[in-house]
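**Q** Provide a 3D model corresponding to the input given below.
(2 chains)
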Amino acid sequence: MYLKLSYEIRDKYLRKDMLPTIFCPGCGIGSVLQYTLRAIDELGWSKDEVVWVSGIGCSSRVPGFVDFDGLHTTHGRALAFATGIKMANPDLKVIAFMGDGDTAAIGGNHFIHAIRRNLDVTVILINNFTYGMTGGQVAPTTLKGLRGTTAPYGSFENPFDIAELAVAAGANYVARWTVFNYIQGINSIKKALQKKGFSLVEFLSPCPISFGRRNRMKTAPELIKWYNKITVPISKAKNMSPEELEGKIIIGEFVDRDRPSLDEEYEAYKKRAKKMMGWEE
Amino acid sequence: MKYPFPVGKSDFIQGDEAIARAAILAGCRFYAGYPITPASEIFEAMALYMPLVDGVSIQMEDELASIAAVIGASWVGTKAMTATSGPGFSLMMENLGYAIMTETPIVVVDVQRSGPSTGQPTLAAQGDVMQAIWGTHGDHSLIVLTPATVQEAFDMTIRAFNLAEKYRTPVILLTDAEVGHMREKVDIPNPEDVELVYRKLPANEEEAKYPFGDIHGDLIPPMPIFGKGYRTYVTGLTHDEKGRPKTVDAEIHRKLIERIVNKIEKNKKDIIEYETFDLDDAEVAIISYGIVARSAIRAVKMLRSEGIKAGLLKLNVVWPFDFEMIEKIAEQVNAIYVPEMNLGQVYHLVKEGANGKARVELIPKIGGEVHTPQEIVKAVKRCEKCI
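**A** Purely as a prediction, here's the structure:
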C-alpha cells in the first residue's frame, strides 16, 4: 500500500487558517482524521461532494479543520442533522465525526434510530473512554473501575459496546480498531465510505491528558500498551469463552452486509405513493 | 406541477391541514416531525402529500431530532418545516437556538395546548408566547406569527416561509389547538399566484467566503448552501464572518449577535403585521392576538353598542414587537385590555410599550376555553366602572 506523505494530505484537505488544531499532545483524533482523509483521497472523491457533520466534543471540532462543507451542530445530534442533509439531497456523501459521549450518551437515541433507518452515512467514532473537552468526566464507554472526575473512585456503571450496539441496531458495516491499526483503519474507512447505508468505524483513541492521567497512563505510549493488552482480534475472540473475554475489547470487522438504505427505501416509497394515488402506472 | 389537493378554489378544512397545504404551496419539500396532539394532523397531511410532490416527510425519534433534520435539510437548500405542541416545543429550544446562531431559514409550527408539562393535550392555550420568543438561551431575536383563523393559518404559513428565507432566520407560527382543529372555509390560491421568496445565495466564490458577513450592508448574509462547491463551515459556536469559531473574542461575539438581532429589529416595519377595528376614535383599546382576537372583535362591537368607545388592535406578529405603536395607542386611550389564554404574557409587552401613558389590564383565562365576547365585555365594564 502506497502512502502519500502527510503534508500532501494536509495541504490538500485542511483549512490552513484553522490550524493549529485544538488537540492535546498524544491525542488520537488527528491520526483518525488523517486516515479518513487518506481514505477519501484514495477513493478519489471530490471535496465538493462530501458533507462533514458533527456534534459537540473534541472530535466534533474536526469538520472545522477540513476543507469541506461542514455542519458543527449541537451535542449528540449530528446524526439527526445528517438525516435532513442526506434525505434532502441524497447525492451528497455524509460523514459524521463523533465522540463516544456524543454518540452513546446524549446522542444515543439518534444513534440507534439512524442505524435502524439505515441512514446512508459513515460514522467515524473516536472512543477515548472519556469526555475530553470538559476535562475528563466518565463516559458511557468508560470501563468499570476506570476513573474520571465524576467517578473519582472508579466508574461503577456498565459500559456500552458501541460497535455491538450498532450491529444489533442493524448497521450495514461496523468495524473497530485502535488508532494504531492504521492500515486496517484506512481500509475499513474506505469500505465504510463506499457502503450504502449506515456504516461505523470506531477507533479506540488515546486521550492522555483527560483520561490517561487519571488512570496511571500519562502518555500515549502507555495507552498504546494498554490497548494492546485489552484488545482481542475478532478472529481470536470467536474461540474464547465469555470468561476469557471478560474485560477485553474486540477489534476487527463486525459486520459487512447490504440492506437497502433509507434514501433508497424512500425513493421506492415515493413511487408506491404515486402508484397508490393513481398518479403513476 | 400537480398538487395533491385542490388549488385555485376554496375548501373546508382544519387549521392544521391548511398549514400543511400552505407549506407545500410555499415550496416546503422537507418535513420532519414527531407525533403530538394537537399538531399531528399537520404531520399526517405532510406524510400524505410530500411523497407525491417529490418531497420528504419523515418521522423522527423525537422533537430534538425533528428540528435538527429540518435545519440539515435547509443547509442543502430545501425549504423545511416541523410542527409540534408545548412538550415538543420545549425539546426544540436547543436547536432553535442553533438555527438562530447559524442563521438557518426554517419554519417551526407550535400548535399551543395548555401546559406546563403534558397539561391539557387537546385544549387550546396561549401559554407559549414567551417561550417562542425567549425560550432558547442567549441573546437573540426571531419572528413569531399568530394566526386567528384557518385562512390566516394558511396565509401566515406562506408568509412564515417567505420571512424565514428573506431574513435567514427561524420563524415560528404560533397557533393553538382551537385554530389547529377548527374547520373553516379557506381560499387556496393558484400556485402561480403565490408570491414566493427564496434565500439570497452567494453571487460568486468571493461572496461565499463570508457566509456570516454583512457583505451587502443589509445585515443578511447570502447563504452558501451545501453541495455547491463553496465548502462552507457552519458552527453554533461564536464565529467570525467566515464562519470560523472565535469563542473568546468579545468584539466578534458582540458584532455577530447584534447583527443577528438587528436584522430582525431593524426590519420591524417590514415584518410586523396587525389589524385594527374601530381603534381610531377609541377610548378603550383591546389588544389581542390569535384565536382570542375573534372574541375581542365581537366584544368591541358589544361595548360600542353599550356606549363604551372600544377599539381593537389585533397582532398578527407578536415578535418583533412594536412598542412605539403601543405607546401611541396608550396616549390616545384611557385603558388597554389584553385578553389572553394565559396568566399574562403579551400583557407584559403591552405594559412596557404603554410606558405608563394608559392603564393596562390583563384579562386572563386558562383551562382550555377561549374567552367569550361577553367575558371580555364584562371584564372591561367592571374595570371601567371602578375608575
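**Q** going forward, measure contacts and count neighbours with C-alpha atoms only.
**A** Will do.
**Q** return the distance of the host helix or strand of residue A:37 from the chain's centre.
**A** Assigned by DSSP states H and E, residue A:37 belongs to helix A:29-43. Relative to the chain's own centre, helix A:29-43 is displaced by 12 Å; criterion: C-alpha atoms, centre = their mean, to the nearest Å.
**Q** check stretch B:239-257 too.
**A** 28 Å.
**Q** same question, stretch B:356-368
**A** With C-alpha atoms, centre = their mean, you get 21 Å for stretch B:356-368.
**Q** CA atoms only for it, dumped as CSV, please.
**A** The C-alpha trace of stretch B:356-368 is given here as CSV (Å, rounded to 0.1, in the frame of the first residue of the first chain):
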residue,chain,number,x,y,z
GLY,B,356,-47.4,54.4,31.8
LYS,B,357,-49.5,56.5,29.4
ALA,B,358,-52.6,54.4,29.9
ARG,B,359,-53.7,51.8,32.4
VAL,B,360,-53.1,48.2,31.1
GLU,B,361,-55.3,45.5,32.3
LEU,B,362,-54.9,41.8,31.8
ILE,B,363,-58.0,39.6,31.1
PRO,B,364,-56.5,36.1,31.7
LYS,B,365,-58.2,32.8,31.0
ILE,B,366,-56.7,29.4,31.4
GLY,B,367,-58.1,25.9,31.3
GLY,B,368,-58.6,25.3,27.6
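**Q** partner residues bridging the residue sitting nearest the centre point of chain A?
**A** When chain A is reduced to its mean C-alpha position, the nearest residue by C-alpha atoms, centre = their mean turns out to be residue A:125, at 1.8 Å. Judged by DSSP bridges, the bridge partners of residue A:125 are residue A:98, residue A:202.
**Q** pull the contacting residues for it.
**A** Residues in contact with residue A:125, defined by C-alpha atoms under 8 Å, 6 or more residues apart in numbering or on different chains, are A:97, A:98, A:99, A:100, A:103, A:200, A:201, A:202, A:203.
**Q** can you count the residues close to the third one?
**A** Using other C-alpha atoms under 10 Å in any protein chain shown, residue A:99 is surrounded by 32 other residues.
**Q** just the first one next, same as before
**A** Other residues near residue A:97 come to 29 when the count uses other C-alpha under 10 Å.
**Q** from memory it sits against residue A:52, does it?
**A** Yes - using C-alpha atoms under 8 Å, residue A:97 is in contact with residue A:52, at 7.1 Å.
**Q** what sits in contact with each of those two?
**A** Shared contacts of residue A:97 and residue A:52, defined by C-alpha under 8 Å, 6+ apart, comprise residue A:63.
**Q** going by secondary structure, residue B:301 is in what exactly?
**A** Using DSSP H and E, residue B:301 falls within helix B:292-305.
**Q** how about the contacts made by the nearest residue to residue B:166 once chain neighbours are set aside?
**A** In space, and not counting its chain neighbours, residue B:166 is closest to residue B:199: 5.6 Å by C-alpha to C-alpha, 6 or more residues apart in numbering or on different chains. Listed by C-alpha under 8 Å, 6+ apart, the contact set of residue B:199 reads B:165, B:166, B:167, B:168, B:222, B:223.
**Q** ok, 10 Å please
**A** B:77, B:79, B:104-105, B:161-168, B:220-225 (C-alpha atoms under 10 Å, 6 or more residues apart in numbering or on different chains).
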